[in-house]
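Colleague: what follows is a protein structure lacking sequence information:
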């Protein structure tokens, strides 16, 4: 099989992922890059995508590590290859997985950056709620920490998605799957204040659906919200590195710290696979180990 055939096989695999599992465009694009690079690497060795030699992948991973690729990049590459060859088996293209006998390294994902509870409190109260923009930002931060939404889910919310009477928000997540997430009293209170006046003051056309408008009555972009988070973090005196999903990570970690069931956290986050949620148990464990080292007399 030549590289043109390999490309067609990769296309068919990605189409199947999108149709059957609703995989996001971002993940599909990353898988395409990884599989195309793997196919090109095999072509250099005179091998085909469906029949790599046992030493091909370990050797390539070693080269990537020496070239400075991050662990997370190699972890995603391994995930793409495993899913691709499993699909080939299930579709009858292959009779056996060519990586089945290959000893692959265990790549532990890096722990997500998160915040302590007192830092979250400082961040949330940082916006100046005497202004319409500050009240909007306070409502967004309260909602984000109360629900653990992805930033893309947050900025994509419509007014109709929020039910303040029942205290829930309907979220459309990855794969166009809907889930209901409870808001909590604080988020309901600040959303009520925001919707009672600030939102109307920020929009020229109140009939537009965006819950949190940016410019021109349109939904705020992820980049704009990320800029706002960084500005409020500076106001709050938070100097540690943040990410757009910092409050999502804090939401999950703090729930587990207070005894929440892992599967409940999985449902709230909208993870399709429990293993994705389990990273937060590592975060909670790391925090316990740090507390022990800092405070135990023999730590």
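Modeller: Sure thing, it's come through. Treat the numbers as computed from the prediction; the structure is a model and nothing was measured. Residues are numbered from 1 along each chain as shown.
Colleague: please parse this protein into its domains.
Modeller: The chain breaks down into these domains under automatic domain parsing: 3-90, 117-293.
Colleague: buried stuff in stretch 58-77?
Modeller: Within stretch 58-77, the residues scored as buried using 16 or more other CB atoms under 10 Å are 60, 61, 64, 74, 75, 76, 77. Where you see a C-beta, it was placed from the backbone N, CA and C, and this is true even at glycine.
Colleague: same deal with stretch 221-236?
Modeller: Under the neighbour-count criterion of 16+ other CB under 10 Å, stretch 221-236 has 225, 226, 228, 229, 232, 233, 236 buried.
Colleague: from those residues, which is closest to residue 50?
Modeller: Ranked by distance to residue 50 (CB to CB), the buried residues of stretch 221-236 are led by residue 226 at 41.3 Å.
Colleague: where does the stretch 51-200 of the chain have low pLDDT?
Modeller: 104-113, 174-176 (pLDDT under 70).
Colleague: how about the strands in it?
Modeller: With DSSP state E, counting those that start in this stretch, the ranges of strands along the stretch 51-200 of the chain come out as 162-163, 168-172, 178-182.
Colleague: what would those strands look like in a markdown table with mean neighbour count and distance to residue 260?
Modeller: As requested, these are exported to a markdown table (neighbours: other CB atoms under 10 Å; distance: least, CB to CB, whole Å):
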| stretch | mean neighbour count | distance to residue 260 |
| --- | --- | --- |
| strand 162-163 | 17 | 23 |
| strand 168-172 | 18 | 18 |
| strand 178-182 | 15 | 12 |
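Colleague: now distance to residue 81 too, for those strands, in CSV please.
Modeller: Below are the strands of the stretch 51-200 of the chain laid out as CSV (distance: least, CB to CB, whole Å):
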stretch, distance to residue 81
strand 162-163, 41
strand 168-172, 30
strand 178-182, 30
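Colleague: so which of these is nearest residue 206?
Modeller: Of all the strands of the stretch 51-200 of the chain, it is strand 162-163 that lies closest to residue 206, at 15.4 Å by CB to CB.
Colleague: show me where this protein has helices.
Modeller: Counting by DSSP state H, the chain has helices at residues 3-21, 25-44, 56-66, 71-90, 117-124, 132-147, 151-155, 185-193, 199-202, 222-236, 246-257, 262-269, 274-277, 279-295.
Colleague: which of the ones you listed sits closest to residue 172?
Modeller: Ranking the helices of the chain by proximity to residue 172 (CB to CB) places helix 151-155 first, at 7.2 Å.
Colleague: circling back to that earlier point, closest to residue 123 among the buried residues of stretch 221-236?
Modeller: Nearest to residue 123 out of these is residue 236 (CB to CB; 4.9 Å).
Colleague: which residues touch that closest one?
Modeller: 119, 122, 123, 125, 126 (CB atoms under 8 Å, 6 or more residues apart in numbering).
Colleague: out of those residues, the closest to residue 190 would be?
Modeller: Using CB to CB, residue 125 comes nearest to residue 190 of the contacts of residue 236, at 10.7 Å.
Colleague: how many neighbours does the closest one have?
Modeller: 14 (other CB atoms under 10 Å).
Colleague: what distance do you get for it to residue 252?
Modeller: For residue 125, the distance to residue 252 equals 21 Å [CB to CB, to the nearest Å].
Colleague: now swap in residue 245 and tell me
Modeller: The value you get for residue 245 to residue 252, if CB to CB is used, is 10 Å.
Colleague: who has more neighbours out of the two?
Modeller: Ranked by neighbour count (other CB under 10 Å), residue 245 and residue 252 place residue 252 first, with 27 against 20.
Colleague: excluding chain neighbours, what is closest to residue 153?
Modeller: Leaving aside its sequence neighbours, residue 153 sits nearest to residue 171 (CB to CB, 6 or more residues apart in numbering; 5.2 Å).
Colleague: and for residue 150?
Modeller: Spatially, and ignoring its direct neighbours in sequence, residue 150 is nearest to residue 248 (6.3 Å; CB to CB, 6+ apart).
Colleague: around the one you found, how many other residues sit close by?
Modeller: A count of nearby residues for residue 248, using other CB under 10 Å, gives 22.
Colleague: hmm, it is touching residue 146, no?
Modeller: No: counting by CB atoms under 8 Å, residue 248 sits too far from residue 146 to count as a contact (11.2 Å).
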